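Asks: What follows is a predicted structure for the sequence shown.
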2 protein chains.
Amino acid sequence: MLMSNDEVTGRAPATARSRGNVLDPHLDRYAARTAGMTASEIRALFAVASRPEVVSLAGGMPNLAALPLDTLSTQVARIIAEDGLTALQYASAHGLPLLREQICDVMALEGITAHPDDVVVTVGSQMGLDLVTRLFCDPGDVVVAEGPSYVGALGSFAAYQAQVVHVAMDEHGLVPEGLRAALRQARIAGQRVKLLYTIPNFHNPAGVTLAVERRAEILEICRTYDVLVVEDNPYGLLGFEGQTYPALRSLDPDNVVYLGSFSKTFASGLRVGWVLAPHGVREKLVLATESATLCPPTLNQMIVSRYLSTHDWQGQIKLLRESYRERRDAMLSALEQYLPPGCTWTEPDGGFYVWLTVPEGVDTKAILPRAVAAGVAYASGTGFYADGSGSRQLRLSYCYPTPERTREGVRRLAAVLESETDPARAFDGMGSRQLRIPAPRTR
Amino acid sequence: MLMSNDEVTGRAPATARSRGNVLDPHLDRYAARTAGMTASEIRALFAVASRPEVVSLAGGMPNLAALPLDTLSTQVARIIAEDGLTALQYASAHGLPLLREQICDVMALEGITAHPDDVVVTVGSQMGLDLVTRLFCDPGDVVVAEGPSYVGALGSFAAYQAQVVHVAMDEHGLVPEGLRAALRQARIAGQRVKLLYTIPNFHNPAGVTLAVERRAEILEICRTYDVLVVEDNPYGLLGFEGQTYPALRSLDPDNVVYLGSFSKTFASGLRVGWVLAPHGVREKLVLATESATLCPPTLNQMIVSRYLSTHDWQGQIKLLRESYRERRDAMLSALEQYLPPGCTWTEPDGGFYVWLTVPEGVDTKAILPRAVAAGVAYASGTGFYADGSGSRQLRLSYCYPTPERTREGVRRLAAVLESETDPARAFDGMGSRQLRIPAPRTR
């Protein structure tokens, strides 16, 4: 005798519902903006990265190993013991005054002159980005961004129903002529372009840096088309030769909103970032911060402030740069050594990432499960585009694993790519190694 | 000879601008939602509260004096020294698993049975509220809320362009018949009511608690009208007799989103709160969290988790309750002793606030500057309504000042009110004290 599912489980049959569905009865209640919220790659990657047998070249977790944990431990203990009633209490939404002054000193390293009043402390620069989007983007407004662009930014733009138009980069970063063409086209189409979102230095995920001689031109184009520039600069102090570039904000203070972060230069888990904005925008940002979180965590701001005032933080950044350079070198040499022909990649001179293009016919999202099964994870390219591009690209990060692990990860990835590009070899794992020409690199 | 302003200052005349205005050239660029962002009362109050000569009965800052700072200092030092690479690193947007389990234990005190998977850790419950609004409210959607309601909630609703419809409370909290009428009327008007936002316990700012026998009825009304309930419960464990009430969430798990916070029971400056949501909603919340902040601060979650697992946190809450009860008593006796006739107020049996109605003809917002000049600050009533009501009301908090300061603050407030209600006395500060009937109280 056949039994219904409900009889088998002994549960009462589900009653008919007037709305939603059985999986989520609230389905008809959500705001329209939730349609753009899809399970993010970041999240999936965290899960994968946590499996110890997998070499994760996927995440963007900074290397904290060089942090002076004992000193920090003592300092934080003192903050709580001596200033606990302040550190554990609400504070202003604007951010602690001393920290905002210190942030101005940090930004001065990239040529920025700013008043602490115009700095707003945020819960990581992600929150800054989210709130700037909130302030400027009505549904349907356009944000122009590099293609590829930071996955977390695309998430924020989607959450506010902004449309993203990608502009190509080359080895010198965003291409001014491409930007001009995109803005011209948007104007003809009657679209309202609100923001240029750009990561000028050591781009995530592309690994390239906007050439200095392009910077003024890009700012001029944005002024011509009445577009506000959002400069996202978490990696600017992580140039491997200690080089820095003039911030876009330093060249056009009135038309650039600058996003900064201590996540890559100090400690990501504290979630302390900031926005430097023109005066009127800054006032609205403080209001937006209040309705988002009331205020950023006080203790965390005090920890960063104490660290900046008592520790040789620039020396610490130098250590970080050196460790990332060593890791970058390990990745590049492994790519050179192991990757099959037909692959190209960028060679970053700072930051965390290499952007890899695989041979035609290989879909990086489709083969990710195979890569994970082979013990390596990466971020497939489509996550970095709002328009479905990127299926032949992937992002590799060298920031977190040791150089040895990175080499091993690239070796595993190469094996997967090799079996994908040569179908015969997929069934012949023992095949002899073919001679290969060094892969061309995008420079 | 007359000189123009520019000649006097020696500055070049301002050039004509194609957009915005001189104060904020970005004015034409903002999203429509910014129209609802106005300088918040919270912010103005922080500035006032920081002047030492003013007794601030305005803010909602918890009393941290009883916190075991030395123990905390040692614990946090240990977290950083031993677990720093985790504490200072990114983590999942969902929140640390152990903390989410412990949060379920905290909620069990108010009758909630929940799975840790359905808890999302947020940067204070303010962020939970902001993200829940983001998930559910399209512009023009209606949120029904008590009148008065929490000022920070009104800010979030405005940021998402939701309309707020207030429903009256009496001494037993939200009036079911008023809720039913409001929902019926909204339906007739073709409005889409998405949420009931309610603070059932020790209401901010009203100081009243929703009667237990009304709870099922209110949930039933919301089901009937297909409205999701958002239960905001930061004060639930701060009943002065140790009493707790069944959470709305415990009575209707599928149709209530619950917001919790450690700001009032542990440390507001850590900004750790949470949302307990039905499964499908929780998944979307995690996505929304990612685009808002990537993840809540890891260190802060570990501090709360360690505190809950090593400290007698329930004993600590008992201490807090006792200190707040003493402060509440000081405020009520001072109100009784000093206030002029024609004032009425609520008598809270938990939480932080008394809601005061002043005699007809007195505008609490208009006289606030005079009160501050007389050395006392409060939150005027209009900030707690989206519709301009509340000009005869004000909120007094007894949570932060000592009982002596509270008494002094009420004495100063009474003098201001007395001079406002008796115009003759405004010019006769030395007038003899009139005999007064004890003020009627709303109970």
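Replies: Received, thanks. Numbers count the residues shown, from 1 in each chain, chains lettered A, B, ... in the order given.

Asks: just the strands in chain A please.
Replies: A:55-56, A:119-122, A:142-147, A:163-170, A:173-174, A:193-198, A:228-232, A:256-261, A:273-276, A:344-345, A:353-357, A:376-377, A:379-380, A:393-397 (DSSP state E).

Asks: ok, and does the longest one reach over to chain B?
Replies: Read it as strand A:163-170. No. Using CB under 8 Å from any CB of the partner chain, we find that strand A:163-170 stays clear of chain B, coming within 13.4 Å at best. Every C-beta, even on glycine, is put in place using the N, C-alpha and C of the backbone.

Asks: still on that earlier bit, pipe the strands of chain A into TSV and attach mean pLDDT and distance to B:G128 per row.
Replies: Shown next, in TSV, are these (pLDDT from 0 to 100; distance: least, CB to CB, whole Å):
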stretch	mean pLDDT	distance to B:G128
strand A:55-56	94	30
strand A:119-122	98	17
strand A:142-147	98	27
strand A:163-170	98	28
strand A:173-174	98	37
strand A:193-198	98	27
strand A:228-232	98	26
strand A:256-261	98	23
strand A:273-276	98	20
strand A:344-345	98	42
strand A:353-357	98	32
strand A:376-377	94	31
strand A:379-380	94	29
strand A:393-397	97	31
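
Asks: Would you reformat those strands as TSV and include mean neighbour count?
Replies: As requested, the strands of chain A are arranged in TSV below (neighbours: other CB atoms under 10 Å in any protein chain shown):
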stretch	mean neighbour count
strand A:55-56	24
strand A:119-122	28
strand A:142-147	25
strand A:163-170	19
strand A:173-174	24
strand A:193-198	26
strand A:228-232	26
strand A:256-261	25
strand A:273-276	27
strand A:344-345	20
strand A:353-357	24
strand A:376-377	26
strand A:379-380	26
strand A:393-397	26
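
Asks: TSV for the ones you listed, including distance to A:I80?
Replies: Formatted as TSV, the strands of chain A follow (distance: least, CB to CB, whole Å):
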stretch	distance to A:I80
strand A:55-56	34
strand A:119-122	20
strand A:142-147	41
strand A:163-170	43
strand A:173-174	44
strand A:193-198	38
strand A:228-232	32
strand A:256-261	24
strand A:273-276	23
strand A:344-345	46
strand A:353-357	36
strand A:376-377	38
strand A:379-380	37
strand A:393-397	34
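
Asks: B:Y160: which of those strands is closest?
Replies: strand A:193-198 (18.1 Å; CB to CB).

Asks: check whether the closest one contacts chain B.
Replies: Yes. On the criterion CB under 8 Å from any CB, strand A:193-198 is in touch with chain B at A:K194.

Asks: And the residue of the stretch 1-150 of chain A closest to chain B?
Replies: A:D24 (2.7 Å; CB to the nearest CB).

Asks: Might you report the residue contacts of the nearest residue to that residue once chain neighbours are set aside?
Replies: Sequence neighbours aside, B:G280 is the residue nearest to A:D24 in space, at 2.7 Å (criterion: CB to CB, 6 or more residues apart in numbering or on different chains). By CB atoms under 8 Å, 6 or more residues apart in numbering or on different chains, the contact set of B:G280 is A:23-27.

Asks: residues touching A:A374, list them.
Replies: Contacts of A:A374 (CB under 8 Å, 6+ apart): A:412-413, A:415-416.

Asks: which of those residues tops the neighbour count?
Replies: Counting neighbours by other CB atoms under 10 Å in any protein chain shown, A:L413 comes out on top of the contacts of A:A374 with 28 neighbours.

Asks: Could you verify my assumption that it touches A:V372?
Replies: No. Applying CB atoms under 8 Å, one finds A:L413 not in contact with A:V372, separated by 10.7 Å.

Asks: What's opposite A:V230 in the beta bridge?
Replies: A:Y197, A:V257 (DSSP bridges).

Asks: How much space separates A:T310 from A:V121?
Replies: If you measure A:T310 against A:V121 using CB to CB, to the nearest Å, the figure is 19 Å.

Asks: Filter the contacts of A:A374 down to the ones in helices?
Replies: Counting by DSSP state H, the part of those found in helices is A:412-413, A:415-416.

Asks: if we look at chain B, which of these are close to it?
Replies: Counting by CB under 8 Å from any CB, no member of those is near chain B.

Asks: how much does the helix ranked longest in chain A deviate in direction from strand A:353-357?
Replies: Identified as the longest helix of chain A according to DSSP H is helix A:313-338. With axes from the mean of the first three to the mean of the last three CA atoms, to 10 degrees applied, the angle from helix A:313-338 to strand A:353-357 works out at 20 degrees.

Asks: so what secondary structure elements neighbour helix A:313-338?
Replies: Applying 3 or more CB pairs under 8 Å, 6 or more residues apart in numbering or on different chains; DSSP states H and E, one finds that helix A:313-338 contacts strand A:353-357, helix A:403-421.

Asks: Tell me where the stretch 51-200 of chain A has helices.
Replies: For the stretch 51-200 of chain A, the helices defined by DSSP state H, counting those that start in this stretch occupy A:69-87, A:97-108, A:124-136, A:151-159, A:176-188.

Asks: Kindly report the residues of the stretch 251-400 of chain A close to chain B.
Replies: A:254, A:263, A:267-271, A:278-281, A:284, A:286-288, A:290-300.

Asks: What's the ChimeraX line that selects buried ones from these?
Replies: Buried residues within these, by 16 or more other CB atoms under 10 Å in any protein chain shown, are selected in ChimeraX with:
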select /A:263,267,268,269,270,271,278,280,281,284,286,287,288,290,291,292,293,294,295,296,297,298,299,300
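
Asks: Restricted to helices, list the residues of the stretch 251-400 of chain A next to chain B.
Replies: Checking those against DSSP H, those in helices are A:279-281, A:284, A:286-288, A:290-293, A:298-300.

Asks: Let me have those in a markdown table, extended by distance to B:R395 and pLDDT.
Replies: Output for those, formatted as a markdown table (distance: CB to CB, whole Å; pLDDT from 0 to 100):
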| residue | distance to B:R395 | pLDDT |
| --- | --- | --- |
| A:H279 | 32 | 94 |
| A:G280 | 30 | 92 |
| A:V281 | 31 | 96 |
| A:K284 | 26 | 95 |
| A:V286 | 22 | 95 |
| A:L287 | 20 | 93 |
| A:A288 | 24 | 95 |
| A:E290 | 17 | 92 |
| A:S291 | 19 | 92 |
| A:A292 | 23 | 96 |
| A:T293 | 22 | 96 |
| A:T298 | 23 | 98 |
| A:L299 | 27 | 98 |
| A:N300 | 29 | 98 |
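
Asks: Pick the one among those closest to B:L394.
Replies: Distances from B:L394 to those, taken by CB to CB, are shortest for A:E290, at 20.5 Å.
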